[in-house]
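S.K.: show me how the following folds:
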Amino acid sequence: MSYLGVGSSPGNVAVYHGGKMKLLDRRLRLTELLLRCSATVLALLALILIVTDTQVKQIFTIEKRAKYTDMKALVFLVVANGIAAAYSLLQSVRCVVGSMKGSVLFNKPLAWAIFSGDQAMAYMSVAAIAASAESGLIGIRGEEELQWMKLCNMFGKFCNRAAGGTASALLASVAMVFVSSISAFSLFRLYGSTQRQPNVAVMK
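M.R.: This is a model prediction of the structure:
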């Protein structure tokens, strides 16, 4: 995100910085872009790993197929990663366009929208991973009190692939948490900049 530019209209803040702040802005933009691209790739990888996860097991004369739709937690994880991948891709494009322009007039409503979106994606991803991890533990250990079997003993390949998808989703979630921290810093820095009159230029 960039806050370098000339002029502002109601709700917009244009901030001039010294050399150190310009360097910080460039580093923040680059870090944000890398994190968003990483989140996109990792979330998409998690989605592909889980959606294509299937295993057929022959139990006596009965053929049993395990697939991700058998576990609601994995369905939730797929949906969450699909949304997160699409959102991160759109935000990555926005970062690239902003970097190409070199100077973007940033307004508070847009900053709040990005901050809120980043927070929502991070919370949603963490919730989906927690649900998937809990279901995975039940699949590995079973639940004797509820008479749930250890399914991973029979469907080892399915469980291993699901674990890989969950791990990829976890890494994507970590990237989104860092992105949400950057967007929070960027948002509240706008409010701090309005209090320093020498650093604010207003265009009539």
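S.K.: quick one: mean pLDDT over stretch 33-45.
M.R.: Averaged over stretch 33-45, pLDDT sits at 94.
S.K.: make that stretch 78-91, sorry
M.R.: 95.
S.K.: centre of the chain to that stretch, how far?
M.R.: 7 Å (C-alpha atoms, centre = their mean, to the nearest Å).
S.K.: got it, and stretch 94-104?
M.R.: With C-alpha atoms, centre = their mean, you get 20 Å for stretch 94-104.
S.K.: equivalent analysis for stretch 157-174, please.
M.R.: On C-alpha atoms, centre = their mean, the centre of stretch 157-174 falls 14 Å from that of its chain.
S.K.: can you show me the strands along the chain?
M.R.: Assigned by DSSP state E, the chain shows strands spanning 12-13, 54-59, 62-67, 106-107.
S.K.: export those strands to a markdown table and tack on mean neighbour count and mean pLDDT?
M.R.: Any C-beta I mention is one placed from the backbone N, CA and C, and that applies to glycine too. Shown next, in a markdown table, are those (neighbours: other C-beta atoms under 10 Å; pLDDT from 0 to 100):
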| stretch | mean neighbour count | mean pLDDT |
| --- | --- | --- |
| strand 12-13 | 20 | 44 |
| strand 54-59 | 12 | 76 |
| strand 62-67 | 12 | 79 |
| strand 106-107 | 20 | 68 |
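S.K.: and of the ones you listed, who's closest to Leu23?
M.R.: strand 106-107 (18.0 Å; C-beta to C-beta).
S.K.: using CSV, please lay out the strands of the chain together with distance to Ala122.
M.R.: Shown next, in CSV, are the strands of the chain (distance: least, C-beta to C-beta, whole Å):
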stretch, distance to Ala122
strand 12-13, 25
strand 54-59, 30
strand 62-67, 28
strand 106-107, 21
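S.K.: where are the low-confidence patches of this protein?
M.R.: Scanning the chain for pLDDT under 70 picks out the ranges 1-21, 102-106, 142-150, 192-204.
S.K.: longest helix anywhere in it?
M.R.: The residue-count maximum for a helix in the chain (DSSP state H) belongs to helix 156-193.
S.K.: ok now it, how far from the chain's centre?
M.R.: 4 Å.
S.K.: so it versus strand 54-59, what angle?
M.R.: 150 degrees (axes from the mean of the first three to the mean of the last three C-alpha atoms, to 10 degrees).
S.K.: show me what helix 156-193 is packed against.
M.R.: Secondary-structure packing of helix 156-193 (3 or more C-beta pairs under 8 Å, 6 or more residues apart in numbering; DSSP states H and E): helix 19-51, strand 54-59, helix 72-101, helix 108-141.
S.K.: these two touch, right, Gly164 and Leu49?
M.R.: Yes. Assessed by C-beta atoms under 8 Å, Gly164 is found in contact with Leu49 at 5.4 Å.
S.K.: tell me which of the two has more neighbours.
M.R.: Leu49 (21 against 15; other C-beta atoms under 10 Å).
S.K.: residues in contact with the most centrally placed residue in the chain?
M.R.: In the chain, the centroid-proximal residue (C-alpha atoms, centre = their mean) is Met176; its distance is 3.7 Å. Contacts for Met176 (C-beta atoms under 8 Å, 6 or more residues apart in numbering) come out as 35, 39, 84, 88, 118, 121-122, 125.
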